[in-house]
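Trainee: build me a model:
(one chain, ligands or ions: 1)
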Amino acid sequence: MDSEHQQFVLETIRNVKIAAAHSGNWFAIFDRDECMASLDPVTWQDVDDPDSIERLARWREAAQNSFPAIFPVTLEGTRRWLIKQVLELPDRLLFWVKSSEGEKIGHAGIYRIDFEEESLELDNVVRGMPRVMRGAMYSGVQAILSWVFGTLRMNDVFLRVFSDNERAIQLYEHCGFTETMRMPMRRVEEDGVVRWIEADGGYRKPIERYFVTMHLPRATWQTECTDELVA
Ligand SMILES: CC(C)(COP(=O)(O)OP(=O)(O)OC[C@H]1O[C@@H](n2cnc3c(N)ncnc32)[C@H](O)[C@@H]1OP(=O)(O)O)[C@@H](O)C(=O)NCCC(=O)NCCS
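Mentor: Next up, the predicted model:
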């Protein structure tokens, strides 16, 4: 990626974190003729919004098993995480997935931009409100992909998901992602925190789960989009 493109990507992300909160439905998601959900960036304004922090904490707690670290979730810790691990990181951005009534029903984001390869990871896909707007998370991920390939002009999107997370894998396959590799993982517990870490060559116990990398190249995404429009 040339330095101009890199600067554009980082500036776009930074501006979205600051300014987009005023815009309401920042990125409407259309399902056929009906506007069914929208994306709204998580911004600096969310840091001081108790409802946002409470949702992020509650949803994280409910989805613990889907992430490599399982720890006691607190409101203060979540607020700190939002500042230090999301908003202050130049290549990380989280979006609320909102219902047509504007209720926050989940979130999904982008992270770990590889500027050489012009690729990034889909990050933190979580449905917080079950049974509200079936298909909203699929639409939310599609909207992010559209922005990532269209506006940020990335070539590839990757993600990592545990091999036993069938629901998530189904969603990602539906979006066109395919598996590229799987890493054997082992469980370690220390001071009340459970972590799933890579099992190295010396590990001899049965492997309970793998961390699967999935990939969506721009060309596949474009083909899938065209097929969906034609269908
Ligand atoms: C992974 C996760 C986000 C998937 O959420 P979800 O509710 O299954 O996703 P959607 O909102 O897209 O809903 C999918 C359902 O809508 C249906 N649907 C309706 N319209 C659809 C459309 N246009 N496209 C796709 N699915 C559609 C699907 O068929 C599916 O139906 P089913 O429930 O009968 O299988 C959710 O399970 C979750 O939050 N899990 C915990 C956190 C987690 O594991 N995150 C992933 C970390 S890698």
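Trainee: can we go C-alpha only for contacts and neighbour counts from here?
Mentor: Noted.
Trainee: just say helix, strand or coil for residue 131.
Mentor: With DSSP: H, G, I helix; E, B strand; the rest coil as the basis, residue 131 sits in coil.
Trainee: ok, how many other residues are close to it?
Mentor: 10 (other Cα atoms under 10 Å).
Trainee: and residue 154, by the same measure?
Mentor: Burial measure for residue 154: 22 neighbouring residues, criterion other Cα under 10 Å.
Trainee: try residue 189
Mentor: For residue 189, the count of nearby residues is 11 (other Cα under 10 Å).
Trainee: beta partners for it?
Mentor: In this structure, residue 189 has the following beta-bridge partners (DSSP bridges): residue 194.
Trainee: my read: it touches residue 195, true?
Mentor: Yes. Residue 189 sits in contact with residue 195 when judged by Cα atoms under 8 Å, with a separation of 6.2 Å.
Trainee: any idea how far residue 60 is from residue 178?
Mentor: As defined by Cα to Cα, to the nearest Å, residue 178 lies at a distance of 26 Å from residue 60.
Trainee: and these two? Which one has more around it.
Mentor: Remark: of residue 178 and residue 60, residue 60 carries more neighbours, 21 against 18, as counted by other Cα under 10 Å.
Trainee: contact partners for the more buried one?
Mentor: For residue 60, the contacting residues are residue 73, by Cα atoms under 8 Å, 6 or more residues apart in numbering.
Trainee: let's see that with 10 Å instead.
Mentor: The neighbourhood of residue 60, defined by Cα atoms under 10 Å, 6 or more residues apart in numbering, consists of 54, 66, 67, 70, 71, 73, 78, 124, 126, 127, 128.
Trainee: before we move on, what about residue 95?
Mentor: Contacts for residue 95 were tallied using Cα under 10 Å, 6+ apart; they are 17, 26-27, 38-43, 104, 106-110, 124-125, 140-141, 144.
Trainee: all helices for the protein, in order.
Mentor: Under the criterion DSSP state H, helices of the chain are mapped to 3-19, 50-62, 75-81, 136-150, 166-174, 218-230.
Trainee: tell me where the model's unsure across this protein.
Mentor: Low-confidence segments of the chain, defined by pLDDT under 70: 19-25, 31-35, 226-231.
Trainee: where does it come near the ligand, residue by residue?
Mentor: 63, 66, 124-127, 134-138, 160-161, 167-168, 171 (Cα under 6 Å from any ligand atom).
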